[in-house]
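Enquirer: Coordinates only, no sequence provided:
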């Protein structure tokens, strides 16, 4: 894709160091030159790579790099280079909508399906009759809908708006609600929030998921006519839904008071159910083969729910219960839907409400600074700029989600290295990787072409639906850990529809990508200081070190 003018700019090529030249894409005029460093061995691939750093070159334009006989893909340098990527990532989310007609046009390509899954879902596993659950987002390459991952995914979108409201409000996305008084990103988030409201039971708990008994075939969503079932409640899904709806309530208060009140009432009922049922509750998924989203620990979900409902209401009882849970909690270097406490910790840290324990605020700030320093250091040392070495299901989502930790630290102490680390994660996702390919459909040079995404496979079109981040390479395919390929996990990817292990798509990866694109673009507008980003009273809490309970997993 390209580089922000002020941020780090790097490239790699295989071979010994040589002179490199940057040329204009139009006219081939030379604009910058230098000598690569290295070579170094990339630990994830075994390649001998030379490294190019042209960070000092910042002239806006479209360019390519020559090194020896090699020539890079074209790239852009500009202050708004990632806005088009953000719009495409949001198109990917819009394409996941359920229960309504979806129509997307990109160039000569048209992607569409009619209103799908309109029949009420069966309640026989939890009671009698049927219940409306239309709407929301299809979770991934399949058409199931899951409360834990849905709430987690929408929270990242809500956080992008909450942390960068001016930047996000200025963006208009291609969607039916485009324009109007409500920011388009909130309109997209509302799609999932409305679905969460529909899957709450009368006692305040939330269904763990609404799916068929097994995954559907390779069909368009309108052709999937299986009976869908409400699965029983789980404490994790209930806490996640409570947290997301509480966050949504405070963000929609200025735009739709009635909807905000509805979200808050649901969140309050969810929290009351959690208080009355303190033990972990697993959903009964017997006989159901769709995504399990099982979680053997709900302490992180309960923490997040308390953080969001306290921040929305300001009620002291919620703060007291939250801080009791914070005493022994560390910031994690990596988090996802099974471990959501970083979302709660960030909300607590960024809060402007009175009454927080200063010692806990300092401890959380120090924790985020520690993990952010770890991410930034790892990204600068890694041949391909990855901020973590993890390779497993959804590893690309991990890289996108590192931006949340980096920004939580940047709000405390605005180090340029944190923004550079986000740039490096996006570099990797958009093509600075072993394959020289973008892992997001429809973005970058030679992007992923066959994501594990039923509409893309079933609609018979040449190109896949746009804006979908795939999970990426990892070693799960290889039973023999000593095999040559298994030793180099970055080299395991195949671009193939049935390859769900590597080519799956998921809403929590897409909203993480959208968050990263928003965070880097919005913070960089105010770089290098971004004084408006710094949290009052938290700056310098713990300095830049990794002490005070930081835990990088």
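Expert: The structure has been received and is ready for your questions. Computed from a predicted model, the values in this text were never measured in an experiment. Numbers count the residues shown, from 1 in each chain.
Enquirer: Neighbours of residue 389, how many?
Expert: Residues near residue 389, counting by other CB atoms under 10 Å, number 11. Any C-beta I mention is one placed from the backbone N, CA and C, and that applies to glycine too.
Enquirer: Quick check: buried residues in stretch 36-55?
Expert: Going by neighbour count (16 or more other CB atoms under 10 Å), the buried part of stretch 36-55 is 36, 38-39, 42, 44-45, 47, 49-50, 52, 54.
Enquirer: got it, and stretch 6-17?
Expert: Residues 6-13, 15, 17 are the ones in stretch 6-17 that count as buried (16+ other CB under 10 Å).
Enquirer: what's the domain layout of the protein?
Expert: Using automatic domain parsing, the domain parsing of the chain gives 2-77, 83-439+502-533.
Enquirer: ok now the first one, how far from the chain's centre?
Expert: In other words, domain 2-77. 28 Å (CA atoms, centre = their mean, to the nearest Å).
Enquirer: That domain: end-to-end distance?
Expert: Using CA to CA, to the nearest Å, one end of domain 2-77 lies 6 Å from the other.
Enquirer: With stretch 493-503 instead?
Expert: End-to-end distance for stretch 493-503, by CA to CA: 8 Å.
Enquirer: same question for it, mean pLDDT?
Expert: Mean pLDDT, stretch 493-503: 93.
Enquirer: go on, stretch 223-230?
Expert: The predicted model assigns stretch 223-230 a mean pLDDT of 97.
Enquirer: Go through that stretch and flag the buried ones.
Expert: For stretch 223-230, a neighbour-count test (16+ other CB under 10 Å) marks 224, 228-230 as buried.
Enquirer: so which two of those are the farthest from each other?
Expert: Within the buried residues of stretch 223-230, 224 and 230 form the most distant pair, 17.1 Å apart (CB to CB).
Enquirer: In this structure, what helix or strand scores lowest on average pLDDT?
Expert: Within the chain, no helix or strand scores below helix 484-487, which has a mean of 66 by mean pLDDT, DSSP states H and E.
Enquirer: contact partners of the following helix or strand past it?
Expert: Under the assignment DSSP states H and E, the closest C-terminal helix or strand after helix 484-487 is helix 500-503. Around helix 500-503, the neighbours that count as contacts under CB atoms under 8 Å, 6 or more residues apart in numbering are 141, 393, 448, 450-452, 470-474, 476-477, 492-497.
Enquirer: which of those residues count as buried?
Expert: Here, 16+ other CB under 10 Å leaves 141, 393, 448, 450-452, 470-474, 492-493, 495, 497 buried among the contacts of helix 500-503.
Enquirer: so which of those comes closest to residue 335?
Expert: Among the buried ones among the contacts of helix 500-503, residue 393 lies closest to residue 335 (CB to CB), at 14.8 Å.
Enquirer: How about the contacts made by the closest residue to that closest one other than its chain neighbours?
Expert: Closest residue to residue 393 apart from its sequence neighbours, by CB to CB, 6 or more residues apart in numbering: residue 471 at 5.8 Å. Residues near residue 471 by CB under 8 Å, 6+ apart: 393-397, 501-506, 509.
Enquirer: Kindly report the same for residue 50.
Expert: Taking CB under 8 Å, 6+ apart as the test, what residue 50 contacts is 12-18, 36-39, 67.
Enquirer: go on, residue 51?
Expert: Applying CB under 8 Å, 6+ apart, we find residue 51 in contact with 10-12, 36-38, 40, 383.
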